[in-house]
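In: Structure, please.
(4 chains)
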2 protein chains.
Amino acid sequence: MRVPMPRSAATLHDVAREAGVSLATASRALNGSTRRVNDAYRARVLAAAEKLDYRPNFSAQAVARGATSTVALLVADIADPYFSSIASGVVRSAEAANLVVTMAVTDRDNDRELALVRVIRGQRPRVLILAGSRFTGADDHALEAELRGFTESGGRVVLISQHELPFDTVALANREGARALAERLVELGYRRFAAIAGAAALRTSDDRVDGFCDGLRAAGLDLPDDRVVRAPFTRDGGYEAGRELLARGVDDIELVFAVNDVMAIGAMSAFRDAGVRLPEDLAVAGYDDISTARDVTPPLTTVRVPLVEVGECAMRLALREPDEGGDRTETVASEVVVRESTPPRR
Amino acid sequence: MRVPMPRSAATLHDVAREAGVSLATASRALNGSTRRVNDAYRARVLAAAEKLDYRPNFSAQAVARGATSTVALLVADIADPYFSSIASGVVRSAEAANLVVTMAVTDRDNDRELALVRVIRGQRPRVLILAGSRFTGADDHALEAELRGFTESGGRVVLISQHELPFDTVALANREGARALAERLVELGYRRFAAIAGAAALRTSDDRVDGFCDGLRAAGLDLPDDRVVRAPFTRDGGYEAGRELLARGVDDIELVFAVNDVMAIGAMSAFRDAGVRLPEDLAVAGYDDISTARDVTPPLTTVRVPLVEVGECAMRLALREPDEGGDRTETVASEVVVRESTPPRR
DNA sequence: TTGTACGCGTTATCAC
DNA sequence: GTGATAACGCGTACAA
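Out: Residues are numbered from 1 along each chain as shown, chains lettered A, B, ... in the order given. Next up, the predicted model:
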């Protein structure tokens, strides 16, 4: 008994020969769109494919068809629950549409992001999804040109949470959400606030801080500049900002608003490490409602952003026929979730 | 001034024509390995490519070269910090090696996993990484055959945390880690334990429970069967198991060991919701040391698994020349991390 | 319905 | 060094 030694994968050619039909017939039987092939032949081709363990070569199909079936996803940090939740939604939707998703990580570096987009264009993905907000006023021109080149050659671009670029985008209503949160906290009796924000000019961060201020202003309150601490948009950034806040003195602060949950949770750890009792000594609120928000102690008040749905929404936008009239922006609803980290005051 | 309307991307052909050289020369100048091309021509080609906004078509390159430069990553759930951390390491290493990583999600479904591997083979990835443990004794034959077919046609397979299949694997030393944890907890004065595990026959879960029992046995203690609650391998599974444990009564239990951190954290929430004080009334320990383990209250005692490194290690294994003598398994070190969730007893 | 032949964008093997 | 030209694996007019 001879053991077959298929040092390289079977091709459509092999299948056709094995089945005794032409290449074209084999192609139609296996991957053809309109099923116009004799059942007898069809069966023989399928049997041959099975026997030879044939798998269509996606690259070759892409070349022949002139189009791939991949969607490229660009995130700042896949280990961050914010992005991994979005990725989860993207992957789920993509797989449902028989699309493969490729992933790249910017590490929150604009130059790196641009370089990645340049390279990714070589993949010729059907759609390119950029998650994670960028800096306002940065040299977006280069990125925009690159993305424009991509769409002009038939690709679809979807931005998540960065409506400053002229492409389809899934917007997060950051300003409105933060405003609603502030109003709710005022209702609960809070009057004196501090905030933990990301780097200045980081769009998402700015929007959330601004929205929060809007809400306070509506109640005749405000958030002094020296009550806003800036730090990296990460858990460790939040921890660091928490310590900074403590150093500045928090005696007259009732509540700290962090512009995202990972920072809020980092800050909570800093507070706890310093012996601050939560929420008795200090209340904390975040933004995003990542899944661990309810597992910290006290459970974190936040603004719920349906992150998985955001990813799904991005795919939906990408798969829909492009409108004639320019770019569309789909805004996902957010909702204030009050938990024990912000108990009613007095 | 006429506005160019490049309805489709520029090809190497276009570049060659624009530069006034042959296709071959253009190819060599742009993507050739051995640089044996006149500098003058080279410059003209590069200029033409720049002008035409040319990007090499990866699919076409793959067909011509007979090999892609992608690595396929299969995870159970990308939103789970365990997997997203591993993914982070994989992506980082892959990008350093100029490889694109594609991602697929099994949702912890063996059939789905098999189906995905079948499809993924069509991508002809250079390497296929399977993360997430499977069930022992399951019909691994089909999967093994599929993976075997992949390696036989030149692909590399790396398994993470599932050494039951004959391929290169990154092992986690689960048994040893859990044993060390148990020993440490006994040192701290704990004597009566319960455990929260995943489904029976789930390899990682079993190994960790077994290892934990080993550690207890070494001290003359044991973990009765009725003290082991099984639930889905997720945060909600942990919450559910926590409630189940409470329903069974925890009066004579001092410490609950959950086989992973997400379950431990879910259980902690269940305990807290039921008014159980942690760690005064009950101590808890987990496994993995995901980043939120230090942010819950009390901070969670656990076994540190360098997840990002695990991903990097998988890539390293995949990129290294295959040994003659069969499969290699690289075991990553783990380390017990004692935090406040398990204070010294008495 | 089936087969032939060409094209997809790129690399690689030759001669020159 | 450079340029035709044949691959690579597949889809698809077109003709049969």
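
In: Okay, strands next: where are they in chain A?
Out: Under the criterion DSSP state E, chain A contains strands at A:70-75, A:100-105, A:127-131, A:156-160, A:168-171, A:193-197, A:228-230, A:255-258, A:283-285, A:302-304, A:329-331, A:335-337.

In: Of the ones you listed, flag the one that's most buried.
Out: strand A:255-258 (a mean of 28; mean count of other Cβ atoms under 10 Å in any protein chain shown). Bear in mind the C-beta positions are built from the backbone N, C-alpha and C, glycine included.

In: circling back: any chance of TSV for the strands of chain A, columns distance to residue B:286?
Out: Below are the strands of chain A laid out as TSV (distance: least, Cβ to Cβ, whole Å):
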stretch	distance to residue B:286
strand A:70-75	26
strand A:100-105	27
strand A:127-131	29
strand A:156-160	32
strand A:168-171	34
strand A:193-197	27
strand A:228-230	31
strand A:255-258	25
strand A:283-285	24
strand A:302-304	24
strand A:329-331	38
strand A:335-337	25
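
In: Select, out of those, the one closest to chain B.
Out: Between chain B and the strands of chain A, the shortest gap by Cβ to the nearest Cβ is with strand A:100-105, which sits at 4.8 Å.

In: Figure out how far that closest one is from the centre of its chain.
Out: 12 Å (Cα atoms, centre = their mean, to the nearest Å).

In: Over to stretch A:299-317?
Out: Using Cα atoms, centre = their mean, the offset of stretch A:299-317 from its chain centre is 9 Å.

In: ok so, going back, please identify which of the strands of chain A is closest to residue B:87.
Out: Each of those has some distance to residue B:87 by Cβ to Cβ; the shortest is strand A:100-105, at 7.5 Å.

In: residues of stretch A:322-330 that come out buried?
Out: residue A:327 (16 or more other Cβ atoms under 10 Å in any protein chain shown).

In: swap in stretch A:233-242?
Out: Neighbour-count burial for stretch A:233-242 [16+ other Cβ under 10 Å]: A:233-235, A:237-242.

In: ditto for stretch A:175-190
Out: By 16+ other Cβ under 10 Å, the buried positions in stretch A:175-190 come out as A:175-186, A:188, A:190.

In: Let me see the mean pLDDT of it.
Out: Averaging pLDDT along stretch A:175-190 yields 98.

In: number of nearby residues for residue A:298?
Out: Residues lying near residue A:298 (other Cβ atoms under 10 Å in any protein chain shown) number 19.

In: Hmm, residue A:243 and residue A:270 touching each other?
Out: Yes: counting by Cβ atoms under 8 Å, residue A:270 does reach residue A:243; the two are 4.9 Å apart.

In: tell me which parts of the stretch 201-346 of chain A are close to DNA strand D?
Out: Proximity of the stretch 201-346 of chain A to DNA strand D (Cβ under 7 Å from any atom of the strand) involves no residue at all.

In: how about the residues of the stretch 201-346 of chain A near chain B?
Out: When proximity is defined as Cβ under 8 Å from any Cβ of the partner chain, the stretch 201-346 of chain A approaches chain B at A:235, A:265-266, A:268-269, A:272, A:291-292, A:294-297, A:308.

In: Can you tell me which of those are buried?
Out: A:235, A:265-266, A:268-269, A:272, A:291-292, A:294-297, A:308.

In: Could you pull out the helices in the stretch 201-346 of chain A for me?
Out: Assigned by DSSP state H, counting those that start in this stretch, the helices in the stretch 201-346 of chain A fall at A:203-218, A:235-248, A:261-273, A:307-319.

In: For the third one, which helices and strands make contact with it?
Out: Read it as helix A:261-273. In this structure, helix A:261-273 makes packing contacts with helix A:81-96, strand A:193-197, helix A:235-248, strand A:255-258, strand A:283-285, judged by 3 or more Cβ pairs under 8 Å, 6 or more residues apart in numbering or on different chains; DSSP states H and E.

In: avg pLDDT for it?
Out: 98.

In: from the residues of the stretch 201-346 of chain A next to chain B, which is closest to residue A:337?
Out: Residue A:337 lies nearest to residue A:294 out of those, by Cβ to Cβ, at 8.6 Å.

In: What is the burial count for the closest residue to chain B within the stretch 101-250 of chain A?
Out: When scored by Cβ to the nearest Cβ, the stretch 101-250 of chain A has residue A:153 as its residue closest to chain B, at 4.0 Å. For residue A:153, the neighbour count with other Cβ under 10 Å is 16.

In: Tell me which residue in the stretch 201-346 of chain A sits closest to chain B.
Out: Counting by Cβ to the nearest Cβ, the stretch 201-346 of chain A gets nearest chain B through residue A:297, at 3.5 Å.

In: could the buried residues of stretch A:175-190 go into a markdown table alongside distance to residue A:284?
Out: Listed next are these as a markdown table, based on distance: Cβ to Cβ, whole Å:
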| residue | distance to residue A:284 |
| --- | --- |
| A:175 | 21 |
| A:176 | 21 |
| A:177 | 17 |
| A:178 | 15 |
| A:179 | 18 |
| A:180 | 17 |
| A:181 | 12 |
| A:182 | 14 |
| A:183 | 17 |
| A:184 | 14 |
| A:185 | 11 |
| A:186 | 16 |
| A:188 | 13 |
| A:190 | 11 |
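
In: Closest to DNA strand C out of these?
Out: Taking Cβ to the nearest atom of the strand as the measure, DNA strand C lies nearest residue A:175 of the buried residues of stretch A:175-190, at 43.1 Å.

In: The closest one contacts residue A:206, correct?
Out: No: in this structure, residue A:175 is not within contact of residue A:206 by Cβ under 8 Å, at 9.3 Å.

In: Next, count neighbours for the closest residue to residue A:75 other than its chain neighbours.
Out: Setting aside the residues directly before and after it, residue A:75 is nearest to residue A:83 in space (Cβ to Cβ, 6 or more residues apart in numbering or on different chains), at 4.1 Å. Residue A:83 is flanked by 26 other residues according to other Cβ under 10 Å.

In: what about stretch A:97-109 and chain B, any contact?
Out: Yes: judged by Cβ under 8 Å from any Cβ, stretch A:97-109 and chain B are in contact via A:100-105.

In: ok, and what's touching that stretch?
Out: A:58, A:69-78, A:87, A:90-91, A:94-95, A:112-113, A:116, A:120, A:123, A:125-127, A:132, A:233, A:315, A:319, B:70, B:87-88, B:91-92, B:95, B:100-104, B:123 (Cβ atoms under 8 Å, 6 or more residues apart in numbering or on different chains).

In: what sits against the residue nearest to residue A:75?
Out: So residue A:83 contacts A:75-77, A:131-132 (Cβ under 8 Å, 6+ apart).

In: residue ranges with poor pLDDT in the stretch 51-200 of chain A?
Out: Confidence mapping of the stretch 51-200 of chain A against pLDDT under 70 gives the ranges A:137-138, A:163.

In: need the residues of it near DNA strand D, please.
Out: Counting by Cβ under 7 Å from any atom of the strand, the stretch 51-200 of chain A sits next to DNA strand D at A:54, A:56-57, A:60-61, A:63-65.

In: Show me just the buried residues among those residues.
Out: By 16+ other Cβ under 10 Å, those give A:54, A:56-57, A:60-61, A:63 as buried.

In: DNA strand C contacts on the stretch 51-200 of chain A?
Out: Checking the stretch 51-200 of chain A against DNA strand C by Cβ under 7 Å from any atom of the strand, the hits are A:63-64, A:66.

In: Closest residue of the stretch 1-150 of chain A to DNA strand C?
Out: For the stretch 1-150 of chain A, Cβ to the nearest atom of the strand, closest residue to DNA strand C: residue A:38, 2.4 Å.

In: since we're on that residue, how many residues are nearby?
Out: Around residue A:38 there are 12 residues (other Cβ under 10 Å).

In: follow-up on the earlier one: most widely separated two among the contacts of residue A:83?
Out: A:77 and A:131 (10.1 Å).
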